[in-house]
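Colleague: Sequence and predicted structure, then a few things I'm wondering about:
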Amino acid sequence: KNQVEQSPQSLIILEGKNCTLQCNYTVSPFSNLRWYKQDTGRGPVSLTIMTFSENTKSNGRYTATLDADTKQSSLHITASQLSDSASYICVVSASGGSYIPTFGRGTSLIVHP
Amino acid sequence: NAGVTQTPKFQVLKTGQSMTLQCAQDMNHEYMSWYRQDPGMGLRLIHYSVGAGITDQGEVPNGYNVSRSTTEDFPLRLLSAAPSQTSVYFCASRPGTRGYEQYFGPGTRLTVT
C-alpha cells in the first residue's frame, strides 16, 4: 500500500531559526513529490514539485531535497518568519494509470517571536 | 484571475439531506479534483476529472457524485448526507494530469448533524 509518513508531527521554533521537515514514502512507481504549505482555514499552496531526476529545488527560503533511492524528501526552511507558521504537507504521486496521489498527514510548524 | 472558487464556505446539513458544493476555476485547467480533509488524516481524493465530460473515482467516492459539463465548473453532489461526511472539502485544478502545479480553492466546511 502506498504511504507517506511525515516527521515530526509538530515543531515549535523561534523566529529567525532554520528547521527541516522530513517525508518518507513507499509510493511506487514514483512520478513526482510535492510540498504544500497550508495556513489555518485555507487551502494548500504549492511550494515545490520534484520529479525523479531532481535532487534539490528552492522556492525563496524553502528548499526541498529528494533522494529517490532511499525514498526520502526534506523541506528546509531558512531564517523562519512568523508567517511560516502553518501545516506543511508532503504529497507523492505514482506514475502509470493512477491519478490518485498519496498525502502525508502534515507537519504543524509554529514560529514564535 | 479569481483562481479556484468554492461555494458555500460553510454549510450545515441534516442527515439524509442532499446538496451540491460548487467549484469553478478561470484558468482553463483541464484537470480538476475534489478532496476531503479530516482531522489527523491527510487529504483524500474523492473524484477527479481530466477534462470536460470525463470523470473518475478517487480514493473515497462513496456517497458523492460529480459531473463536468464545462471546463470551468466541477460540482460535487452529496446524495444523502451522513455524519461521516462532516469534513472540510477542497476543490483543486491544474493544467494537466502530472507534474503541474496544483491550485486549491479556499475550502467548504461541512457539518452533518
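Modeller: Alright, I've got the coordinates.
Colleague: Spatially central residue in chain B, please.
Modeller: B:Trp34 (2.9 Å; Cα atoms, centre = their mean).
Colleague: Please name the bridge partners of that one.
Modeller: Listed beta-bridge partners, B:Trp34: B:His47, B:Cys91 (assigned using DSSP bridges).
Colleague: residue contacts, it?
Modeller: B:21, B:23, B:45-48, B:58, B:64, B:66, B:74, B:76, B:89-92 (Cβ atoms under 8 Å, 6 or more residues apart in numbering or on different chains). For the C-beta atoms, the positions are set from N, CA and C on the backbone; glycine is no exception.
Colleague: What about these, which one has the most neighbours?
Modeller: Using other Cβ atoms under 10 Å in any protein chain shown as the neighbour criterion, B:Phe74 leads the contacts of B:Trp34 with 29 neighbours.
Colleague: out of the contacts of B:Trp34, which one sits closest to B:Ala2?
Modeller: B:Cys23 (11.9 Å; Cβ to Cβ).
Colleague: how about the residues of chain B near chain A?
Modeller: B:4, B:40-45, B:48, B:50, B:56, B:58-59, B:90, B:92, B:97-107 (Cβ under 8 Å from any Cβ of the partner chain).
Colleague: Which ChimeraX command selects the buried ones in those?
Modeller: Remark: buried members of the residues of chain B next to chain A, expressed as a ChimeraX selection using 16 or more other Cβ atoms under 10 Å in any protein chain shown:
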select /B:4,42,43,44,45,48,50,58,90,92,100,102,103,104,105,107
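Colleague: Which ones among the residues of chain B next to chain A lie within strands?
Modeller: Cross-referencing the residues of chain B next to chain A against strands under DSSP state E gives B:4, B:44-45, B:48, B:50, B:56, B:90, B:92, B:103-104.
Colleague: Quick check: closest non-adjacent residue to A:Leu109.
Modeller: Spatial nearest neighbour of A:Leu109, chain neighbours left out: A:Leu11 (5.1 Å); criterion: Cβ to Cβ, 6 or more residues apart in numbering or on different chains.
Colleague: thinking that neighbour is in contact with A:Lys17, fair?
Modeller: No. Counting by Cβ atoms under 8 Å, A:Leu11 does not reach A:Lys17; the two are 10.4 Å apart.
Colleague: So between those two, which is more surrounded?
Modeller: Neighbour count, other Cβ under 10 Å: between A:Leu11 and A:Lys17, A:Leu11 has more, with 16 against 12.
Colleague: how close does the residue nearest to the centre of chain B sit to B:Cys23?
Modeller: 7 Å (Cβ to Cβ, to the nearest Å).
Colleague: Can you check which residues contact both of the two?
Modeller: What both B:Trp34 and B:Cys23 touch, as defined by Cβ under 8 Å, 6+ apart, is the set B:74, B:76, B:91.
Colleague: if we take the ones in strands among the residues of chain B next to chain A, which one ends up nearest to chain A?
Modeller: Nearest to chain A among these: B:Phe104, at 3.3 Å, using Cβ to the nearest Cβ.
Colleague: Next one, pLDDT for the closest one please.
Modeller: pLDDT for B:Phe104: 97.
Colleague: Perfect, I'm done here.
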